[in-house]
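**Q** Following is a predicted model, sequence given first.
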Protein chains: 6
Amino acid sequence: MPRFERLLLTGAAGALGTELRRDLAGLARVMRLSDREPVSPAKAGEEVVRCDLADADGMLALTEDVDAVVHMGGVSRENTFANILESNIVGLYNLYEGCRKNGVGRVVFASSNHAIGFYPRTRTIDASVPHRPDSFYGVSKAFGEDLSRYYFDKYGIETVCLRIGSCFPEPVDRRMLATWLSYPDLARLVSRSLLAPQVGHMVVYGMSDNLEKLWDNTMASSLGYVPKDSAETYRERVEAATPVPDPRDPAVRFQGGGFTAAGHFED
Amino acid sequence: MPRFERLLLTGAAGALGTELRRDLAGLARVMRLSDREPVSPAKAGEEVVRCDLADADGMLALTEDVDAVVHMGGVSRENTFANILESNIVGLYNLYEGCRKNGVGRVVFASSNHAIGFYPRTRTIDASVPHRPDSFYGVSKAFGEDLSRYYFDKYGIETVCLRIGSCFPEPVDRRMLATWLSYPDLARLVSRSLLAPQVGHMVVYGMSDNLEKLWDNTMASSLGYVPKDSAETYRERVEAATPVPDPRDPAVRFQGGGFTAAGHFED
Amino acid sequence: MPRFERLLLTGAAGALGTELRRDLAGLARVMRLSDREPVSPAKAGEEVVRCDLADADGMLALTEDVDAVVHMGGVSRENTFANILESNIVGLYNLYEGCRKNGVGRVVFASSNHAIGFYPRTRTIDASVPHRPDSFYGVSKAFGEDLSRYYFDKYGIETVCLRIGSCFPEPVDRRMLATWLSYPDLARLVSRSLLAPQVGHMVVYGMSDNLEKLWDNTMASSLGYVPKDSAETYRERVEAATPVPDPRDPAVRFQGGGFTAAGHFED
Amino acid sequence: MPRFERLLLTGAAGALGTELRRDLAGLARVMRLSDREPVSPAKAGEEVVRCDLADADGMLALTEDVDAVVHMGGVSRENTFANILESNIVGLYNLYEGCRKNGVGRVVFASSNHAIGFYPRTRTIDASVPHRPDSFYGVSKAFGEDLSRYYFDKYGIETVCLRIGSCFPEPVDRRMLATWLSYPDLARLVSRSLLAPQVGHMVVYGMSDNLEKLWDNTMASSLGYVPKDSAETYRERVEAATPVPDPRDPAVRFQGGGFTAAGHFED
Amino acid sequence: MPRFERLLLTGAAGALGTELRRDLAGLARVMRLSDREPVSPAKAGEEVVRCDLADADGMLALTEDVDAVVHMGGVSRENTFANILESNIVGLYNLYEGCRKNGVGRVVFASSNHAIGFYPRTRTIDASVPHRPDSFYGVSKAFGEDLSRYYFDKYGIETVCLRIGSCFPEPVDRRMLATWLSYPDLARLVSRSLLAPQVGHMVVYGMSDNLEKLWDNTMASSLGYVPKDSAETYRERVEAATPVPDPRDPAVRFQGGGFTAAGHFED
Amino acid sequence: MPRFERLLLTGAAGALGTELRRDLAGLARVMRLSDREPVSPAKAGEEVVRCDLADADGMLALTEDVDAVVHMGGVSRENTFANILESNIVGLYNLYEGCRKNGVGRVVFASSNHAIGFYPRTRTIDASVPHRPDSFYGVSKAFGEDLSRYYFDKYGIETVCLRIGSCFPEPVDRRMLATWLSYPDLARLVSRSLLAPQVGHMVVYGMSDNLEKLWDNTMASSLGYVPKDSAETYRERVEAATPVPDPRDPAVRFQGGGFTAAGHFED
């Protein structure tokens, strides 16, 4: 018996959305799938609604009759401020207004390690440190954590903010040996975020059980997320394929990696 | 060769006492078993002494010639203030006075998570946070932690306070998926509390290796307690048998569960 | 125009009660004065009700039609456990039950530095550290802080716990150069505790603006308590009259002073 | 001899801008005054440039040949998300892009206590706690703190974020007895923020030397800001003019006051 | 009546030693003055003993019949490692061995802010942070703090380590507006370190009541040190005489000032 | 393909050096082995250079053409101050000067738990606590941590300080059940310290995966050190062979064990 009547998954056409579409299938009687890009056709127990996050009316309709939201939508890497503004700032406002007006109780929000990317690699941080974004993208994720906190404190809408590390089929550079989140571990993390009896407003780092760790998830231990994969499996392959890092390179010194060294996007 | 000459186990007729009677058997040449209720007859290496915690003279005699005490006695759930006062406050005073006068060196004290039951479920706490009891029972356990601290600071009597979660044969509701302490893990915890080379005055949470965790035992890592069971084994069964929790229900919001929502006992 | 309709002052016959009777006079239309000892006759705007804290029915009547309580009653120094139990444990329960049943909204509770007396003198502590009582008296004050926390968390009754240092007309030994609370500063502290817009459950150290400080009141700065007296005024006189302290003496090493060194009271 | 060649003051037509225009006059050879509303005519040592924060090209021109910026511009109370987005989010981006392109070294940014307005009144917080905004306005100020952190970490532009309490000629309600910042203290704070040898990225609470304090500025003590006024001067007048607060009212329970209780603005 | 029978002051020929010789005069019946440089002749109540810290036998004799030591001796600024080794490392060992063998109970040790000079100027630190020395001199002061901790933990010799900022007649550069310690405040600090009833092993920052502060002395508040002077008195003069600082200059960025930027001394 | 061109291993003739010589063999094209005692003859890929740490010129030559240093040399237990001074203080200075002049980028430094040996056994500490050395040996290791911090902050030479517990073939007393570091885990730890992409200046406790833990390595989790052995394997054997500990014995009370109780070495 599914736990939810209807679950909304945004960003359903993206890489992570595609994984979660499959892995969360059993959790809801109906999975509503949305993206501004085309989503592959609905199967049994699914409904597809194309929608741009920037479209306030569309988002209000999209969140109707929904128990909980898994929000993977929006711009997912550095981009112009204008593009990030539209999807990740205005879009997030539209999503939460929809949730508020439609009485949605819980959101799982894909935040990012880039909200804290300027902490040095040698400092293990937990979820209580002030933001140190490394990009407009990271600034928008910090904004999302703050906006969702507001909607919890004022309206009681629960949110789990997932500060996702590097979510890929496998680690492909040395930084990912510390920051990798496997697809199955992402599914475990989202699943626990949906099912935990109470989450309030919580921030949790999305990482697998890697040996190198930049983040301490103790504060979120009530969630019950325990990763099962590890980047260590891929170490030999990764190290053979990539050059020895220079500890003075900003991309090595800071948790956000290359984002901290890159120039920024002009409109 | 047993580690102790004589060990006193109070509350020996209760559920936890019965478990520990069996599991701690090898630790002492003589296990002295006590309760105000009848205790089943002494076997080899045991002696049974019936005694009410409220009886100061009886407690003085009970603690004679004892190396260490495992104190499971007293009221073990919410009750009238009068009853709790008699067993858990006056009774505890009697026990420690007995220990002081008879030179007992160490006590393992069954405290409870209800001493901190009003912390929100989403906040992982360690043993240094101020008390937030959720019941007269919880207040009496907070009192016990403070009284034993006094006897350590002034008289050097060591105590390990076990803030026991939910100690039952198996978890039977969703809260216990986080708070469960298996019987074998209880025995491990009490055993380490008796055998660790030095404990001073220490507070440790009594929980199994559950995935959902409300408590951080890092501060007590010198004890050497490492649980081996997990509530996760029972998740499916528990979830099938119990309704979906409402995150706004006090029994879900606070660590103490139902104790935080219940009205209180009138005399 | 007085701020309260009726204020209850317990321990009104004691030294601190006598001071507060005079200094708080303007705050309420009626000041109800109570003690188990005789209280000098009521003046205009006063009513005297003799009552023993251990008398549950009496305490229920005493707290009727009261807006707030200043609880200075109870045993105020080390004594037998039995005496402390009766006044400071059972008596406090009676007081809070009275408040709960009569809908009293706020209590100012005379706690004591002896609830944390076993912290070393060289460690500056704030109000978040675990209790380390130095006496049965100190244990009973720790109990009072925990019991009042319970009544706040469960029933919303606000309490300010005043961890009073040494409240005397002037400092008379060297320890008091650090721990002294002048009578006018006591009145300021109680007054702020009654008048602050919200106090929740708060612990604040009761000390004057002494140069030597053992306690950090930053956590309670929303109360608005700012002392105006200082023990320094009396340093010369105190040092001339008292011997040079030995830093190895427990009464010097620990914050609780002589309480930490004294043997304890047998019944 | 003025410390700066040219200082830019935004929001120069507003209440705080008007004060600062006068009080900071001596600090720069030229004070450039800007607002989207008309600013009163330039005097000697001033130049007026009318500009809307939302106008990227205008902001680029506005920040040319400027040594430092005092940014008082933008929406200064709760409003529709659209209005706040335009001035406080897009506008702030425009300002920092201008600073980056024109090599401006330091910004003093008028953030607000509403970035942390949902902390309870009884909890004294410092500048390291996570944001808890109480309004769209507060969310936009949290955004500004994060965006300026990004421009410091990536481009070295220093910012002092002033979490201004209640900046008015005098306190007019009871909350302001804790949160008031006098105009002269504002000028002191901005002045120190401009003159301190190094500020990096710093957050400091903007409050006068009130007795009731919600905020701890120890972390920013290198700034050298020491307020000289106090809301206490006005207590009697304020209390006579305003009703006794109910501690259960959200506007009393939370630091943000009325903002935490108000519904939110629909477009 | 002097508090001590005999007080030893090392470094008595130096600038700070000369000040303290005069200001501490009343504290002891005999003040023993020592230096490896000539000390001006003994007056009534003084005795002069010339001694090099590197001379173990001399130091043993020097510490005989002494109640307490004020240790201002040794190399007091950056120098070759060899010179610092001899005076500040071997010399300090000789001093403490003398104290141990002669039963001296307390030492006031001139440590230095250069033991933590590599903390950034914008971070307010207390005395619990790990050492970050900025010079061989700073390393030797960190060594002294650790060595004295050892002699306290193992032999009970109390030490107050004074992390002196900039102790000069008046502040002469902009950094000193934050780090200045006036001569009278030095005397107050040394005096309290000698007279406080118990100090254990304590670290305290030696600074006057400057508005700009880099250090938080809350942890040492039991000492009773309250400075009365302030660098602010000299601000105008200092700022007129010195160039505007560049926030990117290491001498401005780090607490240790010029020491952090200077190359190091070769033998 | 080896990761380093040339690695220097000091203390190569000692017990730990002998282990590491073998276990690190694959990491460098050439392993340079050094000791003041004779080292067994070089094999393929090795070169042996005999050198005393106290010989500055020798150390300068020794560190030439080296990529990284594993510094196991020096006095490795309590000794006279003179001996420790020569090898662990002057010797360490010589080593770091060599590294600075020859441009060596990283050092792995064998620090010791005796740098913090006077913390009580019941307190779990992390790497941020102030030093509390238990011996001259411990003081010298604290010195080494501070000196290497200086060389990192000023010259960018990275160091991992390994606070090694008890590194022996197997645990031989009860304290080692908590402090044991197996030889293979030592090799893992040194290896990660050499290979981690960035280490800055880091302190990490060198312990195996023992059940009893005195130390919390969370702060160093970016290193990627995960031990695989456990002292628990040896518990039965150790407990059978050693007496029951007395919790009042300093060797039991403090983390440093016997070092804290031992008298100290006279020259």
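**A** Received, thanks.
**Q** Mind checking what secondary structure the residue of the stretch 1-150 of chain A found nearest chain F has?
**A** As assessed by C-beta to the nearest C-beta, chain F sits closest to A:Thr122 within the stretch 1-150 of chain A, at 4.2 Å. Backbone N, C-alpha and C define where each C-beta goes, glycine included. Secondary structure, DSSP: H, G, I helix; E, B strand; the rest coil: A:Thr122 is coil.
**Q** try A:Phe109
**A** What three-state DSSP gives for A:Phe109 is strand.
**Q** So it is in contact with A:Cys161, correct?
**A** Yes: between A:Phe109 and A:Cys161 there is a contact at 5.0 Å, judged by C-beta atoms under 8 Å.
**Q** residues shared between the contacts of the two?
**A** Residues touching both A:Phe109 and A:Cys161 (C-beta atoms under 8 Å, 6 or more residues apart in numbering or on different chains): A:144-145, A:148.
**Q** so can I have CSV of the residues you listed showing neighbour count, distance to D:Leu214 and pLDDT?
**A** Output for the shared contacts of A:Phe109 and A:Cys161, formatted as CSV (neighbours: other C-beta atoms under 10 Å in any protein chain shown; distance: C-beta to C-beta, whole Å; pLDDT from 0 to 100):
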residue, neighbour count, distance to D:Leu214, pLDDT
A:Gly144, 27, 27, 98
A:Glu145, 24, 23, 98
A:Ser148, 27, 24, 98
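**Q** re earlier: contacting residues for the residue of the stretch 1-150 of chain A closest to chain F?
**A** Per C-beta under 8 Å, 6+ apart, neighbours of A:Thr122: F:198-200, F:202, F:222.
**Q** Without its sequence neighbours, what residue ends up closest to it?
**A** F:Gly200 (4.2 Å; C-beta to C-beta, 6 or more residues apart in numbering or on different chains).
**Q** quick one: contacts for the one you found?
**A** Contacts of F:Gly200 (C-beta under 8 Å, 6+ apart): A:120, A:122, A:247, F:152, F:158.
**Q** just to revisit the earlier point, and the residue of the stretch 1-150 of chain A closest to chain F, what pLDDT?
**A** A:Thr122 carries a pLDDT value of 96.
**Q** One more: the one 10 residues further on?
**A** In this prediction, A:Arg132 carries a pLDDT score of 98.
**Q** Doesn't it lie inside a helix?
**A** No: judged by three-state DSSP, A:Arg132 forms no part of a helix; its state is coil.
**Q** Surely it touches D:Leu147?
**A** No: if you go by C-beta under 8 Å, A:Arg132 and D:Leu147 don't touch, sitting 11.6 Å apart.
**Q** just to revisit the earlier point, wait, which of the contacts of F:Gly200 is closest to B:Leu20?
**A** In terms of C-beta to C-beta, no member of these lies closer to B:Leu20 than A:Thr122, at 45.5 Å.
**Q** quick one: that closest one from chain B, how far?
**A** A:Thr122 sits 21 Å away from chain B, going by C-beta to the nearest C-beta, to the nearest Å.
**Q** likewise A:Met72?
**A** For A:Met72, the distance to chain B equals 22 Å [C-beta to the nearest C-beta].
**Q** residues touching that residue, list them.
**A** A:Met72 sits next to A:9-12, A:14, A:16-17, A:20, A:110 when contact means C-beta under 8 Å, 6+ apart.
**Q** And for it, nearest residue in space, chain neighbours not counted?
**A** A:Gly11 (3.4 Å).
**Q** surely the one you found meets A:Phe109?
**A** No: the pair A:Gly11 / A:Phe109 is not scored as a contact, 11.1 Å apart, by C-beta under 8 Å.
**Q** residues shared between the contacts of these two?
**A** Applying C-beta under 8 Å, 6+ apart, one finds that A:Gly11 and A:Phe109 are jointly contacted by A:His71.
**Q** follow-up on the earlier one: which one of the contacts of A:Met72 has the most neighbours?
**A** Highest neighbour count within those, by other C-beta atoms under 10 Å in any protein chain shown: A:Thr10, with 29 neighbours.
**Q** where does that residue land on pLDDT?
**A** Turning to A:Thr10, the model gives it a pLDDT of 98.
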